[in-house]
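> Predicted model follows, preceded by the sequence.
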Amino acid sequence: MIDVNWLAFSPPLTLLISASFIVIFALFVTDTRISAVLSLVGLFISFGFTVVLFSQVQDAGMVSSFGLRYLADSMSLGFNMVIVLGAVIAILISFDYLRRTGLEHPEYYPLILLSSTGAMIMAAAGDLITLVLGLEIMSLAVYVLSAWRQNSRESEEAGLKYFLLGAFASAFFIYGIALTYGATGHFDYAGIAGVLAQESFNQVRLATLAAMFLLTGLGFKVAFAPFYQWAPDVYTGAPTAVTAFMSVVVKTGAFAGLVRLFTLLIPNISAVFVQVLVVVLLLTMLIGNLAALQQRGIKRMLAYSAVAHAGYLGMAVLAGNLAPSAIVWYLTAYTFMNTGAFAVLTLITDNQDHGDTLERVAGLGSKRPLLAAMLTLFLLSLAGIPPLAGFTGKVLVFGAALQTGYVYLAVVGILTSAVAVVYYFRPIVYMYFRDVEYEPINHTSPATYVAITIAALGTILFGLLPGWWYALLRGGEQLIANM
Amino acid sequence: MIVGAVGVITLKQPVHAALSLVGTLLTLATIYVGLEAHFLASIQVIVYAGAIMVLFLFVIMLLNIQQDPGPGAFKWLRPAAYGVAVVVGLALIAAVTQNTPPLPAPEIIDATLAGGGPEAIGTALFRDFVLAFQLVGVLLLTGIIGAVSLVQRKAVSVQEAETERPLEAVSS
Amino acid sequence: MTVAIAAFAPLITLLGALTTGLLGKKLKEPWAGIIASSAVGLAFGLACLAFIGLTQTDSVRVPLWSYLQAGGFNLSLGFVLDRLSVLMMLIITGVGLLIHIYSLGYMHGDVNFSRYFAYLNLFVTAMLILVLADSYLLTFIGWEGVGVCSYLLIGFWYGERVNADAARKAFIVNRVGDVGFLLAMFTCVLAFGTLNITEVGEAARGLESGSTILTVIGLFFLLAAAGKSAQLPLQVWLPDAMAGPTPVSALIHAATMVTAGVYLVARSGALFAQTPQASAAVAWVGALTAIVAAATAFTQTDIKKILAYSTVSQLGYMFVGVGVGAYWAGMFHVFTHAFFKALLFLAAGSVIHAMHEEQDVRNMGGLAKHLPITHLTALTAVLAISGVPLLAGFFSKDAILASAFNSQLVAGYGSHLLYLVLLGGAAMTAFYMFRWYYLVFQGEERFDLETRRKLHESPMVMTLPLMILAFMSVVAGYLGLPEFAFTNRFELWLAPVTETAASFAHPPAIIEWILMTLSIAASLGGLGYAYWVYALKNGEPAKQWAQTLGQFTALANSAFGFDWLYKRIFTRPAEQLAAVSSESDKVVVDDGIRGSLTSVGVLSKMFSVFQSGFVRAYALAILSGVALLIVVVLVAGGGQ
Amino acid sequence: MVPTEYYVALSAIIFTIGALGVLTRRSAIMIFLSVELMLNAANLALVAYARQWSAAGADVALSGQAAVFIILAIAAAEVAVGLGILVAIFRYRASSDVDGLAQVRL
Amino acid sequence: MSLLLIVLPLVTSLMLWLPMDVLAKRMIAIVGSSLTFIAALVLPATRVDVRWLPGLEAYFSIDSSGAARTLILVAALMVIPTTVVAGQVLERHKGTFLALLLLMQASLNGLFLAKDLVLYYIFWEATLIPSIIMLGVWGGEKRREAALKYLVYAVTSSFLMLIAILALRPLSGAASYRLADLLVATPQLAPSVQISLFLGFAVAFAVKVPLMPLHMWLPDFHEQNHPSGVADVAGTLYKVGAWGFFAWALPLLPAAAASLSPLMMTLAAITALYAAIIATAQTNLKRFLAYASLSHMGIAGVGVFALNATGLSGAMYLIAAQMASTGGLFLIAGMLYARRGSFEMDDYGGLAKSAPTLAAISMFVLFASIGVPGLSNFPGEFMSLMGAYQAFPVLGVVATLAVIAAGVYGVNMFQRVYQGQETTPVNDVSLFEVLVLVPVVGGILWLGIAPSPQLAQIDAQARLGAQRLSVPVHGEVVPENELLPEPSTVPDTAPEETPAPVPEEDIRERMPDTLASTSWSNLQNLVGGN
């Protein structure tokens, strides 16, 4: 009989229901700000369920639903929290932003919620079909959001590019699923792992090939090299609020899928896969950081930095049972600092999201000191300067890689982060060490301020007191730990 | 079937290409029959070749898309693409056809798949894939909301948007 | 107890320095001098007390405070008041007092009157610390302290670039010596684990004579001593140091500071006595310096520079004394030399004062009748330094000569040759000193009437010290009569401190008498010949010589080209090295790093080229990636 | 019966052709068609493997066929959104030439 | 209260961000820095140990005993006049500068106090930011280039150290990142592993020491900082490279330290001499001071790599002392700049005539800086060089030659600025300036005349380090059990079994010959005795 644990499934379900409700609601009430508030309520309820589950998980190990096809363990719940956090901040950023830029359309917030739902499903997926569905739910919503600004070439391009390449990559992923099935006869992780672990298993090559295709599909979403090229263009072209959202939530969802899938696959398929992954990560870190060095626009720089951070996160994937906690932790920090940075950007760029070049922020330190200070804080954290959250995240990820023996990976990672410091510092240099060159744009938005405050507090507090969250993430039982 | 597929990617007129894809999909349906997946074969014909492809053709006609403009600015891309594709194709074939175990006896196949009828598929779908099935609904919902949200807006003229052009070019 | 009180002497002079220094120009003119002089006078009183006290006891230790501790190495500061240090104290404070008093007159009217006395008191403080120290480290503190004060006083009139340059040179050359001192200390710690002078001495006694480690320490100390005492090859700074006020030259660059090197060797007697190699090096450095400096003195024309080279030469004698193991003899010459050389300088100061800053002896002459007191006292000193019998210099110099001849310590290193060299040096000394005397005080007057009209004898405050010093120059020698015939009080006094492992041959008294006669002959011969050359022949033979020797004269005139040489092998290369390094530091290191940054930039540009913005190109990149993945799997994906 | 290898090889060929189509066609809608081709290649492989796995029991074998059903739905949803985006864009630009989408770049 | 040493300046710094009158901010800064100094002076040593990041087994563990106390004390002393000057002379954002200065002090104190490697790293990086901002905001014409250069050097190197830190515990299997736990585990690492890790640390520390050839950021850093010299003072407090070697790299990786110390000491000795020689050719006051300071750090470096208690203590003491002397010189350079608006020495000359007191104080501080005995730098310099000489006589001699060059550059500078033909007269020191310089002069005298109490503290720690490095300490033999690190106090993380101390013979075998015996028979060979 099918066991359906509704509580386990409640976080995404709540979001789904809220989304549906808001869509219908929007037919009658046109003010999107009410939708935003409703979305926030939905997210909080979802968060509440997550917390309840989380405390259960701490005591009772994993909670699953639909057989082992939906897994609520401390890892997926951790991811859920990050997703909720990212969505909340994104919504706060969007609150005034949409109105200001004329992008107020009723489906915006439902799509954000649906995308978050998809990401949560990816995090909890216990089989490949669920995973790909979650992936598609998340992606389709984000494709649409990227193209949200229809009167802008950039946004339109971003949407179409993202969609075309995304569909292309999904095709690889789906083909990978087919091959996995061919090799193992299963879609569910438990079954796959069972077959792979058998002595008599003789389809290693096919399984490895499948893993490669799966890597291509998910690697596209998290922007691993050489599948990263969409990211800078899409991040730049999409409305900044959407960029903030997808830079964290999409990444979280994709990494959630990646971690569970590959920690399961890696031990049982050809070692060459790990080597390939290592090369991919090296390339990702190198390209992300080096290309970011060239950028004059902060948004685009952050896009490349997102590529680089994907590389760092990927390192933890290799770390076996250390991986989930390290990755969730890192993503928590990343969500705070990255959305924070984008939030600041929305306040200093014009309605077309232009004006994020370095020259434009020159002298911001004296014109808008608080905002500049906040941006500085986020950039420093992204650069991995202690005692901010980004540092601890890096330490955990690199530590995990070192602990599993990927020393040179960690070395390259850290060296490239040294390069990264240069480009993260450049805006700071411009903001503080130069005089004003342009009259700054003076947007104000209480909701965005709230978002920035949350992000800043998170960046600082998680940096100063990293221990409790990590301990929670390590608590409970996780699927991968069993395997 | 391969001819159909090649047609999809070579025919200059989008309508021709789409029709070529329809042909491919229909061929595929026959292959499904040969593989004891009767239900899927029918779905393939009805939903894919029928509904989805009609949608495609509709959009092609609606938007009045003309023939593919040819290689365009990236002349080097096409040969490179062919090269890479040949590598991918050959390597993929080589990889997937290695070490395949022998087929089970036809009786076993028949017994297990039961011709891939709706009943068999339904059982699988609603036992193991019940979550997935639900999620398909969510996915479609998302697709619909997304599509509607994009298409249903009031159009803003491009000129208007273009005059609000950037403070400075983003590229440097 | 009375002895220990003397340990307050440095404190008193330090207070003097602080008072005069901090109050500065607020003090009206004579008061700074009076305060400083009374401080030194008080210190002198304490030294006398200690001297009296030490007739009862050998030495008194005054522990101060713990200074360094690291690893097993502990070092506490402390003073030791023994007969050697108190002797030096007496010289320093005694001569120092006289020179302070003299300076009251000499520095009259200088705008920086109180600064001058502050420096002078500070110098006395540092010098007292140097001599009282019970450890090499504290000695070194004083050692550098006197160097700093010397720097300050040489550059006292820093407005003139020459003076500042001279000060700089003195400081830097002294630093070279200081490095020797540091290395000697390091080696001591390495070898013995202590820097306490007594302990080092005892440890050295425990080692085999001639141990390499002792020689190394000894040679490092020699470098240090050579720096401070202006011996070859570090003698170059002292003549330039005459840029300072003349009383400073008298006190620092004649009577006290420059003898610190001698004191150091004498203090380390126990150590040097165990290393004939280092001792011989000391002696030979001294001997060579003695004649090289003497030869240089022949041709100089600056009234103070002649004296400076003479000082260098006499310090050479002292080095021989301590080098051959006759520590008392070296110290004895320090003692007597302090009087007559201070006297010579002060007399020269008096002359310069009278001549209104004229320093060239070619523009003097016949001053005897204008400056009677100065003349008489200067004559006494000239005779004393020349080694005329019965005056102080005779006894001390003769003691050194005899010791050199008899030394067993350096017997293997040409002790007799040393003797001969010194004997020649003695004759040369007599010659150039008489030349000095004659050119300044006798002969025709070679200055204009204007100068002549203004000529005047110096005031009492300046001539009184001259007279006292003259008196001492006569009588000081009687403390150290030759032991083969008389009681040598000086040697006995110092015996507890300088008793040595070094032994001396005791030839029959007749040999000793002959040696003494020889040295008398040398000094009288030198004087006589000089009298012939300058008084009778009016300097003509000297000119002929100069022509005959040609190049050599020029060489001697330039002090044998040490300055010229050092400029080429040290100063200029060092300057060039500094300039080149400074540039290369900017260019090579900096641009090297920048270059690597640029390469990062190029690489990063390369990646942006791929970012064409075209969907199909991106798709190609993806597919290429996949192609590679598949190929990898095909090639290597079989096994687990 | 025709062995699985042949079907899988055919699927690989179709997949490659689809991928090639993405690379060579400039029209967005044609690229989209090519992607459909790739998805169908995956479906073909699934069906072929489903037959292959029939020895392992009905659960295993039929799940492959069920997956095809779901992938079909995914394709449908993608089509909805993709065409939506295309239509939206076409309201401003009368071209589906993706090479025109190169405004945003370094 | 060790925590107070971090919290006091931190809280003061945070208070300064509040909106209030500039004068009030200045007062708060002065009071805060004075309180910190008093706290450092009178409070007894304590330790704090709290679990902080469980995944990494990092602890918030600080301990205010040992050498840290001296460094903190002198730094606190120097911060007081710096706050006074900064509040007076800066043209803009005074409050922010003061806040940054105190923030820097807080993190610097944390850096010295940290007894957990990860915590140490955090403070290490935290010190970087204020110093860069000080340079970038208040700096001179080319401040951005200088800041970028400094940043690249500092960050690249410290990230290398981060790798080493992160790898250290997994590789060694230590129970936590606390020093005590690491000390138990790390000697078990294979020498080759130790060397790789050591190199990671060494690069970071070498940049901060700085050692040739990683020093190029330093002259620009100092030249471009605010002319008043206040930020430079902060720079002189920020000499954490040698500390890193002393407190972490050497004791944790003894085998690597032993085999790499000849190389490192060669670098340090060359740095000492090379920088001193370059300093003689500088005409810009600040560049001059930068190179002079570099030379001092080279000397501290040779002390550290001597690997014996003498050298280690000396190096630490020298670092503390140069805070006062070099810092004082930077303040004086700032005063000169205020008078003449230039750092070119050629624009000065003969100032001693019109400003005798300034000249006297300058000379005093300058002499302290070039190591005249009885003043602050001498004890440290002496012991550093002595330690170096004991370990490697030849390198010791090379480094000692820097003493001569120091004499040259010292008197060069004095002569150019204060002596010679008098240029336009300037004002002598004001009462304000005298007050500023009083702590400097006091510190120099205190450190120079009675170094013993501070050295005793330093020495206790240095001996531990030296014992681990197993270089025979001259004199006494310290009993083994006294020197074993205290085992961790938290039971669940305490190592199950304390590994037996490595027999001394073993370590000696790994060491190069020059180190294995510093007996003077060996020395005889080195000096070529007959």
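Perfect, thanks for sending it.
> Tell me how many other residues surround residue C:471.
14 (other Cβ atoms under 10 Å in any protein chain shown). (C-beta placed from N, C-alpha, C; glycine too.)
> Next one: the residue in the stretch 201-350 of chain A positioned nearest to chain B relative to residue E:152, how far apart?
Minimum separation of the stretch 201-350 of chain A from chain B (Cβ to the nearest Cβ) falls at residue A:296, amounting to 4.5 Å. As defined by Cβ to Cβ, to the nearest Å, residue A:296 lies at a distance of 19 Å from residue E:152.
> ok, these two, which is more surrounded?
Under the criterion of other Cβ under 10 Å, the comparison of residue A:296 against residue E:152 puts residue E:152 first, with 22 against 17.
> Go ahead and list the helix or strand containing residue 58.
In the absence of a named chain, chain A is used. Per DSSP states H and E, residue A:58 falls inside helix A:32-60.
> Wait, chain B was what I had in mind.
helix B:53-63.
> Likewise for residue C:628?
Per DSSP H and E: helix C:615-636 holds residue C:628.
> my read: residue A:215 touches residue A:277, true?
Yes - with contact defined as Cβ atoms under 8 Å, residue A:215 and residue A:277 form a contacting pair (6.9 Å).
> Determine the residues that are contacts of both of those two.
Residues touching both residue A:215 and residue A:277 by Cβ atoms under 8 Å, 6 or more residues apart in numbering or on different chains: residue A:262.
> Flag the shaky bits of chain E, pLDDT-wise.
Chain E contains residues with pLDDT under 70 at E:1, E:55, E:470-530.
> which element follows the top helix by length along it toward the C-terminus?
Counting residues, the longest helix found in chain E (DSSP state H) is helix E:309-340. Per DSSP H and E, the first helix or strand lying C-terminal to helix E:309-340 is helix E:351-354.
> Buried ones in that following helix, by neighbour count?
E:351, E:352, E:353, E:354 (16 or more other Cβ atoms under 10 Å in any protein chain shown).
> Let me know the angle separating the very next helix or strand once past it from helix E:309-340.
With elements assigned by DSSP H and E, the helix or strand that comes after helix E:351-354 is helix E:356-369. If you take axes from the mean of the first three to the mean of the last three Cα atoms, to 10 degrees, helix E:356-369 sits at 160 degrees to helix E:309-340.
> Point out the other helices and strands that the helix or strand immediately after helix E:356-369 in the chain packs with.
Sequence-wise, the next helix or strand downstream of helix E:356-369 (DSSP H and E) is helix E:377-391. Applying 3 or more Cβ pairs under 8 Å, 6 or more residues apart in numbering or on different chains; DSSP states H and E, one finds that helix E:377-391 makes contact with strand C:59-70, helix C:161-192, helix E:254-280, helix E:285-305, helix E:309-340, helix E:393-418, helix E:431-449.
> what about those, which gets the closest to chain D?
The nearest among these, by Cβ to the nearest Cβ, is helix E:285-305 at 38.8 Å.
> name the helices or strands packed onto that closest one?
Against helix E:285-305 (3+ Cβ pairs under 8 Å, 6+ apart) you get helix E:217-224, helix E:230-237, helix E:241-244, helix E:254-280, helix E:309-340, helix E:377-391, helix E:393-418.
> Now that helix - C-alpha only, CSV.
Coordinates of each C-alpha in helix E:285-305 appear next as CSV, following Å, rounded to 0.1, in the frame of the first residue of the first chain:
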residue,chain,number,x,y,z
LEU,E,285,60.9,59.6,4.6
LYS,E,286,58.1,57.1,4.6
ARG,E,287,59.7,54.7,2.1
PHE,E,288,62.8,55.0,4.2
LEU,E,289,60.9,54.0,7.3
ALA,E,290,59.3,51.2,5.5
TYR,E,291,62.6,49.7,4.5
ALA,E,292,64.0,50.3,7.9
SER,E,293,61.1,48.5,9.4
LEU,E,294,61.6,45.7,6.9
SER,E,295,65.1,45.3,8.0
HIS,E,296,64.0,45.0,11.6
MET,E,297,61.6,42.4,10.6
GLY,E,298,64.3,40.5,8.8
ILE,E,299,66.2,40.5,12.1
ALA,E,300,63.2,39.3,13.9
GLY,E,301,62.9,36.6,11.2
VAL,E,302,66.4,35.3,11.8
GLY,E,303,65.6,35.2,15.5
VAL,E,304,62.5,33.1,14.8
PHE,E,305,64.2,30.7,12.5
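> need the strands for the chain, in chain order.
The chain I'm using is chain A. Counting by DSSP state E, chain A has strands at residues A:63-65, A:70-72.
> Chain C, not that one
C:59-70, C:73-82.
> Outside of the last one itself, list whatever touches it.
Contact partners of strand C:73-82, identified using Cβ under 8 Å, 6+ apart, comprise C:3-4, C:6-7, C:50, C:54, C:58-69, C:85, C:132-135, C:137-138, C:189, C:193-198, C:496-497, E:310, E:474-475.
> are any of the residues you listed buried, and which?
Applying 16+ other Cβ under 10 Å to the contacts of strand C:73-82 flags C:3, C:6-7, C:50, C:54, C:59-60, C:62, C:66-69, C:85, C:132-135, C:137-138, C:189, C:193-198, C:497, E:310, E:474 as buried.
> Ramachandran coordinates for residue E:425?
phi -60, psi 150 (degrees, to the nearest 10).
> Could you do residue E:61 as well?
The phi/psi pair for residue E:61 (degrees, to the nearest 10) is phi -130, psi 110.
> for residue A:318, same thing?
phi -70, psi -10.
> Roughly how far does it sit from chain E?
Applying Cβ to the nearest Cβ, to the nearest Å, the value for residue A:318 to chain E is 14 Å.
> which residue sits closest to residue E:339, ignoring its sequence neighbours?
Leaving aside its chain neighbours, residue E:339 sits nearest to residue E:426 (4.4 Å; criterion: Cβ to Cβ, 6 or more residues apart in numbering or on different chains).
> What number of residues are in the vicinity of the one you found?
17.
> Would you agree it falls within a helix?
No - counting by DSSP: H, G, I helix; E, B strand; the rest coil, residue E:426 is not found in a helix; it is coil.
> what's it in contact with, if anything?
E:339, E:340, E:351, E:354, E:355.
> Can you tell me which of the residues you listed is nearest chain C?
residue E:351 (10.4 Å).
> what sits against the closest one?
E:336, E:358, E:359, E:417, E:418, E:422, E:423, E:426.
> distance of it from residue C:221?
39 Å.
> can you tell me which residues contact the residue of the stretch 1-150 of chain E found nearest chain A?
Among all residues of the stretch 1-150 of chain E, residue E:122 sits closest to chain A, at 3.7 Å; criterion: Cβ to the nearest Cβ. Residues near residue E:122 by Cβ under 8 Å, 6+ apart: A:386, A:387, A:391, E:110.
> ditto for residue E:87
Contacts of residue E:87 by Cβ under 8 Å, 6+ apart are E:22, E:25, E:26, E:29, E:30, E:94, E:98.
> do residue A:138 as well
By Cβ under 8 Å, 6+ apart, the neighbours of residue A:138 are A:115, A:116, A:117, A:118, A:119, A:121, A:122, A:249, A:250, A:253.
> Can you tell me the closest non-neighbouring residue to it?
Using Cβ to Cβ, 6+ apart, the closest residue to residue A:138 is residue A:118 (2.9 Å).
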